[in-house]
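>>> Using only what follows, build the 3D model:
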Amino acid sequence: MHYFPLALPFLLILAFAFIFLLALIELGILEYAYARIGIGRRHMFALLVLSLLGSYINIPVWELPAREVVSDQHVTFYGMRYVIPLVVDWPRTVIAANLGGAVLPTILSIYLLIKNKLYLRGLLSVTIVAAIVNSMAHPVRGLGIAVPIFIPPLVTIAVVLLLSREHAAPLAYIAGSLGTLIGADLLNLGKIQGLGAPVASIGGAGTFDGIFLTGILSVLLASLLTRKKSVEGSGPEGHRTGAP
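Residues are numbered from 1 along each chain as shown. Next comes the predicted model:
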């Protein structure tokens, strides 16, 4: 099951955003952000590429009983245009996991959770983000569940900076990715059947943009904020010499 979750204009926006991210990598800004969560420069580029290209791949998990489905249309939600794939003789809804928006972020989140031993704070932050995102998730006919694009990253930044500035960067990725997947998609699976969506992609259309931005903006902003705090903490006192 292969199709990009966003319409062409928004795919182009993501392409330009990706070029911008490459510029940040060359300037060392994004590299610092990902270094804060324990990902080296070599793996960072691969992660970004796989996340974007992986949004094209949906892995079927199970099917819902036969219902009339919407086909070959675009759905607009909060200014974003999502793609409903063309289907022929497909009187059912397939639940799938998006490779770039669900599988890869989940694997990386579990890795970061274990590496940084953020079990309690990770659970708490994911729970809070999932609850807030769930309250703002909307069923959209033909599409599935959608969330306003900037809600996940903004909520994530606020939550993790309250819980842990020291581990803000890895916690931001964990809470933003898993919180969005759980709050928007998994907790709303019961609402999917009556929407006429041929494919309900977990981490795909309706949530991929938010998850992708969360993975970039949350980590970047959290890292820059913690870096600023570190610089401020090494102010004039850190450069004093001689007797007090």
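
>>> Report the buried residues of stretch 155-167.
155, 156, 157, 159, 160, 161, 163, 164, 167 (16 or more other Cβ atoms under 10 Å). Backbone N, C-alpha and C define where each C-beta goes, glycine included.

>>> model confidence over that stretch, on average?
Per-residue pLDDT values across stretch 155-167 average out to 86.

>>> Among the buried residues of stretch 155-167, which are located in helices?
155, 156, 157, 159, 160, 161, 163 (DSSP state H).

>>> Would you mind giving those as JSON lines with distance to residue 57 added?
Below are those laid out as JSON lines (distance: Cβ to Cβ, whole Å):
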{"residue": "155", "distance to residue 57": "27"}
{"residue": "156", "distance to residue 57": "25"}
{"residue": "157", "distance to residue 57": "29"}
{"residue": "159", "distance to residue 57": "30"}
{"residue": "160", "distance to residue 57": "29"}
{"residue": "161", "distance to residue 57": "34"}
{"residue": "163", "distance to residue 57": "33"}
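
>>> Which single one of those is nearest to residue 194?
residue 155 (27.4 Å; Cβ to Cβ).

>>> gap between residue 94 and residue 62?
According to Cβ to Cβ, to the nearest Å, residue 94 stands 8 Å off from residue 62.

>>> Please say which of the two ends up with more neighbours.
residue 94 (19 against 9; other Cβ atoms under 10 Å).

>>> so where's this structure uncertain?
By pLDDT under 70, the low-scoring segments of the chain are 1-11, 14-15, 18, 21-22, 24-38, 40-42, 44, 65-91, 218-219, 221-244.

>>> Stretch 113-120: end-to-end distance?
End-to-end distance of stretch 113-120: 10 Å, with Cα to Cα, to the nearest Å as the criterion.

>>> One more: stretch 111-129?
End-to-end distance (Cα to Cα), stretch 111-129: 19 Å.

>>> And the contacts of it?
Outside stretch 111-129, the residues within contact range by Cβ atoms under 8 Å, 6 or more residues apart in numbering are 37-38, 152, 155-156, 159-160, 163-164, 167, 170-171, 173-176, 178-180, 182-183.

>>> do stretch 182-192 as well
Contacts of stretch 182-192 (Cβ under 8 Å, 6+ apart): 64, 93, 95, 102, 126, 129-134, 137, 139, 144-147, 152, 200, 202-203, 206-207, 210.

>>> Many thanks, we can stop here.
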